[in-house]
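Student: Task: produce atomic coordinates for the following.
(chains A and B)
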Amino acid sequence: MKIHEYQAKELLRAYGVPVPRGGSAATPEEARRMAGELSGNVVVKAQIHSGGRGKAGGVKPASSPEEAFAVSAEILGMQLVTPQTGPEGKKVRRVLVEEASEAQRELYLSLLVDRSQKRECVVLMASQAGGMEIEKVAAETPDKIVSCAIHPVVGFSPFQARKLAAALHLNAEQRKVFADIVHNLYRLFMDKDCSLVEINPLAITEDGRLLALDAKLDFDDDGLYRHPEIKGLRDRDEEAPLEVAAKNASVNYIKLEGNVGCMVNGAGLAMTTMDMIKMAGGEPANFLDVGGGASPEQIEKAFKILTSDPHVQCILVNIFGGILRCDRVSAGLIQAAKNIEMKLPMVVRLQGTNVDEGRKMLNESGLRFTMAEGLYEAAQKAVALVQ
Amino acid sequence: MAILLDEKSRIVIQGITGSEGSFHTREAVSFGSRVVAGVTPGKGGAELDGIPVYDCVGDAVKKQGANVSGIYTPAAVSPDAVFEAIEAGIELIICMTEGIPVLEMVRVKQALKGAGARMIGPNCPGVTTPKVGKVGFMPNFIHKRGNVGVVSRSGTLTYEVIWQLTNLGIGQSTSVGIGGDPIVGSGFTDILALFEADPQTEAIVMIGEIGGTAEEEAAEFIRSQVKKPVVSFIAGRTAPPGRRMGHAGAIISGGKGTAADKFKALEQAGVIVEKNPAELGQRIAEILKTKK
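Tutor: Numbers count the residues shown, from 1 in each chain, chains lettered A, B, ... in the order given. Predicted coordinates for the structure are as follows:
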């Protein structure tokens, strides 16, 4: 789960990590008031779940509360387009107004879980090449990145902060502050089941202070059940409406750009079905995993989500029943198709537990669909229907 | 011979009285699995179709000699279930549960290391050795005993492949679902090593997906340690970057973990890479023919 920069900074503040003074605003008036509470120049930053907001024109300075009003009036409501948002961009509904700082040096600091077999633990990464895309640094100048694996039993130990601080060429005073920052970020990471904590840049200001100028915090979706306060930071406006509806129905759904909708049980098989559609010359409209325990009601909900996408011209149902029994799938398909008066052509490919019963039910339902036996055959038939 | 589950396996099911646990225990028993006990805290003394239910794993080990555990408990309590199994001396722990936080698995891996116990999963369909038994929920009808080892990160995609093999008259030694999470009890490398050492296994099918570097690590291992032929498929060639494709571990992050990278690494290690999963069975059939 992603959160906004302003939410991340509030968390960092709570964990004793230095961030610029400031707060969020949803209207130009709120921005003016916020700027009035701060001293000196401020910067107004668009709040969307994306990097590259500055380059896209979503970050602007303001030297007075009046200017903050004007600048945020421009940014709020803007459809901000960055490499991460895609061409449609994302609507800016909130800005962060904070005190402007001059960075003399920009560092990079992050924590994430390294899942490679050698490590399988939390890793701290730091680099003098802050303020840049870290993937670029990793690709072009990997020696500029220093990392420390945090042993799961030992936890974070001060020598690790010293190692990183030395690599970052910090002075004695900065090293002390840096050590606190790293320790606090590690506590935050562990406390809240983060999947990524990224401070880029961690700035050294002209008067030598360390300051987290930007912060990205991602959370392990599987940890949210034990952090309701983090779950509460979720911004549904940042998610595609169909994906929100899907999540509410406990259906795993990701919207894509194509016109062949698919409903599959099992993530691996769902990805494969998308691959097969592509291989057969078509474009998948989505990823959808109904999971192992889909009830007829849930299948109907999944169907509704699929048919709510105006791009979808046909639906490929690919079910291999293990936990999910084919007769329950068929009951769901029949119920759904009848309830929503299904107009789209469907290709249904069923295999697995209770398959004979499932196929029989479909055959006797009076519904118009195309049956398929093999994986690739099913994809070909679906693609043929939209051409 | 097979791997992991064999004639010596005595299975205890943790979470046996839950709806998933009870359903799949019955399926497993009808497959021939030797389920000797179940555990649900507070339900000790009950029974399921004659299988005694205990309050704790220790009792199942003491009273029924359980040496393998299958875990069907909710995500919030599953790490605890694994720790309990480890402490009770269970050697092989197979955890089907989806939704365990990654940081919990970091701790679990440490506990496993310390105890020398092996874990399969979490978020997996389990392990099946045809004609011997299964722990998990791979459908019973798809399996046939034979000499192909199957190891996969997926669930239903694995069933597809096994069913293909069976329909071609090619049986399996053991099928292992290692799970779809970022950190799992046993990776491809661990299972490949077991297949390489297993006299019954002549060829291996490896099913991967996007996210992480497990397939690349496996490629390294195969290059130096695996002489048996390996055929592989990677799901998710068309997955968009940065999105979690169902499985917690199926996410392309920072440009890393793409299907293209994995296909490349495996090909370079001499693995036979098949881009059309509907053809996987056929490829294995060809390999087995040339071996003879």
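Student: which regions of chain B sit below the pLDDT cut-off?
Tutor: B:292 (pLDDT under 70).
Student: domain parsing for it?
Tutor: B:11-120, B:138-291 (automatic domain parsing).
Student: Tabulate those (a markdown table), appending distance to A:Ser147.
Tutor: (Glycine included, C-beta is placed from N, CA and C.) Below are the domains of chain B laid out as a markdown table (distance: least, CB to CB, whole Å):
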| stretch | distance to A:Ser147 |
| --- | --- |
| domain B:11-120 | 16 |
| domain B:138-291 | 14 |
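Student: To chain A, which of those lies closest?
Tutor: domain B:138-291 (2.6 Å; CB to the nearest CB).
Student: Distance from the chain centre to the closest one, please.
Tutor: Distance of domain B:138-291 from its chain centroid, counting by CA atoms, centre = their mean, to the nearest Å, is 11 Å.
Student: measure it end to end?
Tutor: Start-to-end span of domain B:138-291 (CA to CA, to the nearest Å) is 29 Å.
Student: Would you mind listing what in the stretch 1-150 of chain A touches chain B?
Tutor: Taking CB under 8 Å from any CB of the partner chain as the contact definition, the stretch 1-150 of chain A meets chain B at A:84, A:113, A:115-117, A:120-122, A:134-135, A:138-139.
Student: Neighbour count for these - can I get that in TSV?
Tutor: Supplementary listing: the residues of the stretch 1-150 of chain A next to chain B in TSV, determined by neighbours: other CB atoms under 10 Å in any protein chain shown:
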residue	neighbour count
A:Gln84	15
A:Val113	21
A:Arg115	24
A:Ser116	15
A:Gln117	19
A:Glu120	21
A:Cys121	20
A:Val122	24
A:Ile134	18
A:Glu135	12
A:Ala138	17
A:Ala139	11
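Student: In strands only, show me those.
Tutor: A:113, A:121-122 (DSSP state E).
Student: what's the closest of the domains of chain B to A:Gly282?
Tutor: Nearest of the domains of chain B to A:Gly282, taken as CB to CB: domain B:138-291 at 10.6 Å.
Student: so who does A:Gly130 touch?
Tutor: A:105-109, A:200-203 (CB atoms under 8 Å, 6 or more residues apart in numbering or on different chains).
Student: Next one: it from A:Arg93, what distance?
Tutor: For A:Gly130, the distance to A:Arg93 (CB to CB, to the nearest Å) stands at 28 Å.
Student: just B:Gly133 next, same as before
Tutor: 56 Å.
Student: If you count surrounding residues, which of those two has more?
Tutor: B:Gly133 (22 against 16; other CB atoms under 10 Å in any protein chain shown).
Student: which residue sits closest to the more buried one in space, ignoring its chain neighbours?
Tutor: Take B:Gly133 and drop its neighbours on the chain: the residue closest to it by CB to CB, 6 or more residues apart in numbering or on different chains is B:Ser33, 3.3 Å away.
Student: surely that neighbour meets B:Lys131?
Tutor: No: judged on CB atoms under 8 Å, B:Ser33 makes no contact with B:Lys131 at a distance of 11.1 Å.
Student: neighbour-wise, which of the two wins?
Tutor: B:Ser33 (25 against 13).
Student: contacting residues for A:Lys216?
Tutor: Contacts of A:Lys216 (CB under 8 Å, 6+ apart): A:5, A:8, A:51, A:196-200.
Student: mind redoing it with 10 Å?
Tutor: Going by CB atoms under 10 Å, 6 or more residues apart in numbering or on different chains, A:Lys216 touches A:2-5, A:8, A:49-51, A:110, A:196-200.
Student: ok, now B:Gln110?
Tutor: Per CB under 10 Å, 6+ apart, neighbours of B:Gln110: A:120-121, A:151-153.
Student: Mind doing that once more with 8 Å?
Tutor: A:152-153.
Student: Could I get the full set of strands for the stretch 151-300 of chain A?
Tutor: Shown for the stretch 151-300 of chain A, the strands assigned by DSSP state E, counting those that start in this stretch span residues A:194-205, A:210-212, A:215-219, A:252-255, A:260-264, A:286-289.
Student: want to throw those strands into a markdown table with distance to B:Ala219 and mean pLDDT?
Tutor: Converted to a markdown table, these look like this (distance: least, CB to CB, whole Å; pLDDT from 0 to 100):
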| stretch | distance to B:Ala219 | mean pLDDT |
| --- | --- | --- |
| strand A:194-205 | 26 | 96 |
| strand A:210-212 | 39 | 97 |
| strand A:215-219 | 28 | 97 |
| strand A:252-255 | 28 | 92 |
| strand A:260-264 | 28 | 95 |
| strand A:286-289 | 26 | 94 |
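Student: A:Ile319: which of the ones you listed is closest?
Tutor: strand A:260-264 (6.9 Å).
Student: Go ahead and name everything in contact with that closest one.
Tutor: Residues contacting strand A:260-264 (CB under 8 Å, 6+ apart): A:270, A:273-274, A:277, A:282-290, A:299, A:302-303, A:306-307, A:309, A:312-319, A:344, A:382-383, A:386, B:156.
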